[in-house]
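Novice: Quick one, what's the 3D model for this:
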Amino acid sequence: LLNAWLSENGIPAELDAITTTVVARFLVSPMARQTASGSAKLATSTNALRTSVRCFFQHCELAGLVERSPGMLVRRARCGEPPPRALSDVEVERLLQVAGKGEPRDVLLVRLLLGTGLRLGEALGLEVGDVDLRSGVISVRRAKGDRRRTAFIPAELVPRLAEWIRDREGRLFPISGRHAQRVIGEMARKAGVSASAHALRHTVATRI
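Specialist: Below is the predicted model of the structure:
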């Protein structure tokens, strides 16, 4: 691709003629940033090109073909991870059907995450005393940024929580985050959906 761009712009293809400026011009050119149809390339695609250019010229420098690599200033663009995909109503139903065959604790955890939008760490940090069934609220002690906040309990979850809490003290869900992630991942696999604990939170946010 670089060779084609050099030819198109009348720049000699000899290594000595390729400078950092030439490389920079190439990387911002339409040939490097657009697909054959003229649409913008994905950031991951342009990053792959940047890596190829940098590694090629680094090899040329190490092999003694150029005094200094003209690609030495090339850096990959920072790309944020895409948000987790929200589950559809059908996928949520399938997940809950699978969850219903598991342990009551795990079923309740999944329903609580889908009903309140709590982060997994927030849910696992809850104590029995944090749940006020009469008011229908949960006092979240370990919210992001060490701030306390309140989450509202869906009406259909109140009797489920009441049954779970009845003679219980201490932590609401006495399991580790790793175990909870593994359980949710296994449920999602059996339900044939792509979901993590954070995807459940994203599902709630998308619905709202």
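Novice: Which parts of this structure are strands?
Specialist: Along the chain, counting by DSSP state E, strands occupy 131-132, 137-140, 149-152.
Novice: Please identify the most buried of those.
Specialist: strand 137-140 (a mean of 19; mean count of other CB atoms under 10 Å). Where you see a C-beta, it was placed from the backbone N, CA and C, and this is true even at glycine.
Novice: what lines up beside that one in the sheet?
Specialist: strand 131-132 (antiparallel), strand 149-152 (antiparallel) (DSSP bridges).
Novice: Show the contacting residues for the closest residue to Asn47 other than its chain neighbours.
Specialist: Distances taken as CB to CB, 6 or more residues apart in numbering place Arg76 nearest to Asn47, at 4.6 Å, with adjacent residues excluded. Neighbour list for Arg76: Asn47, Arg50, Thr51 [criterion: CB atoms under 8 Å, 6 or more residues apart in numbering].
Novice: coming back round to it: export the strands of the chain to a markdown table and tack on mean pLDDT and distance to Lys41?
Specialist: Formatted as a markdown table, those follow (pLDDT from 0 to 100; distance: least, CB to CB, whole Å):
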| stretch | mean pLDDT | distance to Lys41 |
| --- | --- | --- |
| strand 131-132 | 94 | 49 |
| strand 137-140 | 92 | 42 |
| strand 149-152 | 90 | 41 |
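Novice: in the chain, which helix or strand is least confident?
Specialist: Counting by mean pLDDT, DSSP states H and E, the chain has its least confident helix or strand at helix 2-8, which shows a mean of 87.
Novice: Tell me where the protein has helices.
Specialist: 2-8, 20-27, 30-33, 43-62, 89-99, 104-116, 120-124, 158-165, 177-191, 197-207 (DSSP state H).
Novice: Of these, give the one that comes closest to Val131.
Specialist: Nearest to Val131, of all the helices of the chain, is helix 158-165, at 6.1 Å by CB to CB.
Novice: Okay, buried residues for that closest one please.
Specialist: Buried positions in helix 158-165, judged by neighbour count with 16 or more other CB atoms under 10 Å: Arg160, Leu161, Trp164.
Novice: Over to stretch 104-120?
Specialist: Buried residues in stretch 104-120, counted by 16+ other CB under 10 Å: 106-120.
Novice: just stretch 12-24 next, same as before
Specialist: Neighbour-count burial for stretch 12-24 flags Ile18, Val22, Val23 (criterion: 16+ other CB under 10 Å).
Novice: Can you get me the start-to-end distance on that stretch?
Specialist: Start-to-end span of stretch 12-24 (CA to CA, to the nearest Å) is 16 Å.
Novice: gap between it and the chain center?
Specialist: Relative to its parent chain, stretch 12-24 has a centroid offset of 38 Å by CA atoms, centre = their mean, to the nearest Å.
Novice: low pLDDT regions in the chain?
Specialist: For the chain, the stretches with pLDDT under 70 are 79-84, 142, 144-146.
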